[in-house]
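> no FASTA, just this:
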């Protein structure tokens, strides 16, 4: 045992390092949080002298009409920008189908042919052909072949190996019509890679789509700006190292991903498309500028969330990417920064494991605080040079190991006995208070146990589960069954708050959605350290057998008839108390008719409870027992379950709480 304690610290150290190396979702979330904080704090001003955005805004749609516009409008827009001597015109808009408003196509449907009739698709192709235009391509995850043979306009030169095997790959593409693409001087990729939180931090500079390698729209735009024919890609066995043109060098991660350094973008760089078409923009504003054509109109829904928390039009991200390429200003997150992070983590954990054992406990705290400040300073200095080195995981890991180290030191000094005694006193008081609270939470048995029956069996002195029902008239009753995250007095107080809201709102006969909203907001206001409640809240019409319900992060509701055909009503909303909501409409309810059926609500203590043979009951076992024992009456069901789950020699792993509501039978 002593040897185990001796090596426990090193075991934890190895585990924490392994979690970091595995790059789990947990680690990525921590990295993203710290990255977003840095992006928000150090958001710089930028001139964006080279880029303008021609915006299909509300004003333009209001004057020209519903979007998408007829292609001759875009042709006119390109010609106007060409006359204003724009250097490159890049579209963040697809022309993937023939113009449905094309006059020539419309008249052709009526067998009317005239060479003088306007052909809007041809006008756009001609305008693009006569200008320096980049069109977009987007990776498509669907398996449907779009049958578009458009190819990249860029000549890619590889050095060091086959770069394509390191690139993210899409089977198909979404892009403009082949004849329109053929008129363009360049085609650039506008694909983003999905993030779990929906924040756009990075984009691929190169992407493999439909078997071809496509440069990002930003890179393709700059290639045309400087009339480059080729792009050089350097790679090694570990991945892509560098992407170069004659003028620019881009350091990416091994998969050609770059992290955008977002700057403050001056809204004066947005030019309304209708102002260009109406000749309200002077040449000195547009001349020699890169023009990005996109939309900020609300109805088109081309918006992205960036690390600073702002929501910007998607076209603006290409402006930031262009600015980053020109100024070599991307945030560097690659194999080198990963290695540095792992070295910092390992050294910090070793120091935290060894030093607190050698010095006074008070000095240990000073040491750890100094270490944290040192790590933060190192990370901040690195970020000023555009290298993002995440130290938040290191701080969290070292904090955990620091506490573990102190804990074992206290064990060696025989202080653990005093701490345990204090904890027992606190726990005893919590159990006494929580026990008194819970006695008042649970209702007496419902008057007709063939309509509704419920029961709670606590696993410990205090239960974290709760159920309630209130009959408001002879025909209607409200009901709920809930499970608090956490135990003890805090959970008891939180559940008491929720129960009080449920009872008061039910007696006022408020809608189920309103009750859910008020309970949610009360829990959000009253919860401690992220505590929440999973719950089912509903209302039963005894005469019609109609149940209106809402499942908020709880176990699926079981529905079954006397033939033991089982259905489950899964959760549709998050648990109560995650965040406050102002509108009832968020808490949408559902209805179900349970005539000649049973509706069964339970906590996970039922399905995860141990049977006499030591196995878990599970959902399939619950179904099997109901069917094999012919159980249908509410009280019989719950009494049988109670017997099954309390016969095991093992202690209850969790509270057992169950409610069964039975629909009326045919007369």
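Thanks, I have it. Everything numeric here is computed off the predicted structure, so don't read it as measured data. Numbers count the residues shown, from 1 in each chain.
> low pLDDT regions in the stretch 501-650 of the chain?
For the stretch 501-650 of the chain, no stretch is flagged by pLDDT under 70.
> residue boundaries of the strands in it?
Along the stretch 501-650 of the chain, the segments classed as strands by DSSP state E, counting those that start in this stretch run 533-541, 546-552, 557-561, 566-569, 590-593, 597-602.
> For these, could you give me CSV that also reports mean neighbour count?
Where you see a C-beta, it was placed from the backbone N, CA and C, and this is true even at glycine. Shown next, in CSV, are the strands of the stretch 501-650 of the chain (neighbours: other C-beta atoms under 10 Å):
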stretch, mean neighbour count
strand 533-541, 25
strand 546-552, 21
strand 557-561, 20
strand 566-569, 15
strand 590-593, 14
strand 597-602, 24
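> As TSV, the ones you listed with distance to residue 499 would be great.
Formatted as TSV, those follow (distance: least, C-beta to C-beta, whole Å):
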stretch	distance to residue 499
strand 533-541	10
strand 546-552	15
strand 557-561	20
strand 566-569	23
strand 590-593	23
strand 597-602	16
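> wait, which of those is closest to residue 581?
Residue 581 sits nearest to strand 546-552 of all the strands of the stretch 501-650 of the chain, at 11.2 Å, using C-beta to C-beta.
> Of the strands of the stretch 501-650 of the chain, which is nearest residue 345?
strand 533-541 (35.2 Å).
> For the closest one, give me every contacting residue.
Contacts of strand 533-541 with the rest of the structure, by C-beta atoms under 8 Å, 6 or more residues apart in numbering, involve 452, 475-485, 494-495, 498, 502, 512, 515-516, 519, 523, 546-555, 557, 571, 575-577, 601, 661.
> tell me the angle it makes with strand 557-561.
Relative orientation of strand 533-541 versus strand 557-561 (axes from the mean of the first three to the mean of the last three C-alpha atoms, to 10 degrees): 40 degrees.
> So residue 660: helix, strand or coil?
Secondary structure assignment for residue 660 (DSSP: H, G, I helix; E, B strand; the rest coil): strand.
> same question, residue 339
helix.
> distance of it from residue 638?
Separation of residue 339 from residue 638 (C-beta to C-beta, to the nearest Å) stands at 58 Å.
> Looking at the two, which has the bigger crowd around it?
Per other C-beta atoms under 10 Å, whichever of residue 339 and residue 638 has more neighbours is residue 638, with 24 against 10.
> Does the more buried one touch residue 658 like I think?
Yes: Residue 638 is in contact with residue 658 according to C-beta atoms under 8 Å; the separation is 5.2 Å.
> Common neighbours of the two, please.
Listed as contacting both residue 638 and residue 658 by C-beta under 8 Å, 6+ apart are 454, 455.
> quick one: low-confidence parts of the stretch 351-500 of the chain?
For the stretch 351-500 of the chain, applying pLDDT under 70 flags the ranges 410-420, 427, 430, 433-439, 487-489.
> And the helices in it, which stretches?
361-384, 392-412, 416-441, 488-507 (DSSP state H, counting those that start in this stretch).
> so which of those is the most packed in?
helix 488-507 (a mean of 20; mean count of other C-beta atoms under 10 Å).
> got the angle between it and strand 533-541?
20 degrees.
> What is helix 488-507 packed up against?
For helix 488-507, the packing partners by 3 or more C-beta pairs under 8 Å, 6 or more residues apart in numbering; DSSP states H and E come out as helix 416-441, strand 465-471, strand 476-484, helix 512-526, strand 533-541.
> do you know which of the ones you listed lies nearest residue 48?
Comparing these against residue 48 with C-beta to C-beta, the closest turns out to be helix 512-526 (40.6 Å).
> So which residues make contact with the closest one?
Residues from elsewhere that reach helix 512-526, judged by C-beta under 8 Å, 6+ apart: 478, 493-494, 497-498, 501-502, 505-506, 510, 531-533, 535, 537-539, 548-550, 552, 576-581, 583-589.
> Just the buried positions in that helix, please.
Buried residues in helix 512-526, counted by 16 or more other C-beta atoms under 10 Å: 512, 513, 515, 516, 517, 518, 519, 520, 521, 522, 523, 526.
> ok, now stretch 195-209?
Neighbour counts using 16+ other C-beta under 10 Å place 199, 200, 201, 202, 203, 204, 205, 206, 207, 208, 209 of stretch 195-209 among the buried residues.
> tell me the mean pLDDT over it?
Summarised as a single mean, pLDDT over stretch 195-209 is 88.
> so how far is that stretch off the chain centroid?
Centroid displacement of stretch 195-209 relative to its chain, using C-alpha atoms, centre = their mean, to the nearest Å, is 14 Å.
> That one: end-to-end distance?
With C-alpha to C-alpha, to the nearest Å applied, stretch 195-209 spans 19 Å between its terminal residues.
> Please renumber the chain so that the first residue is 888 from this point on.
Sure thing, new numbering starts at 888, so read that last one as stretch 1082-1096.
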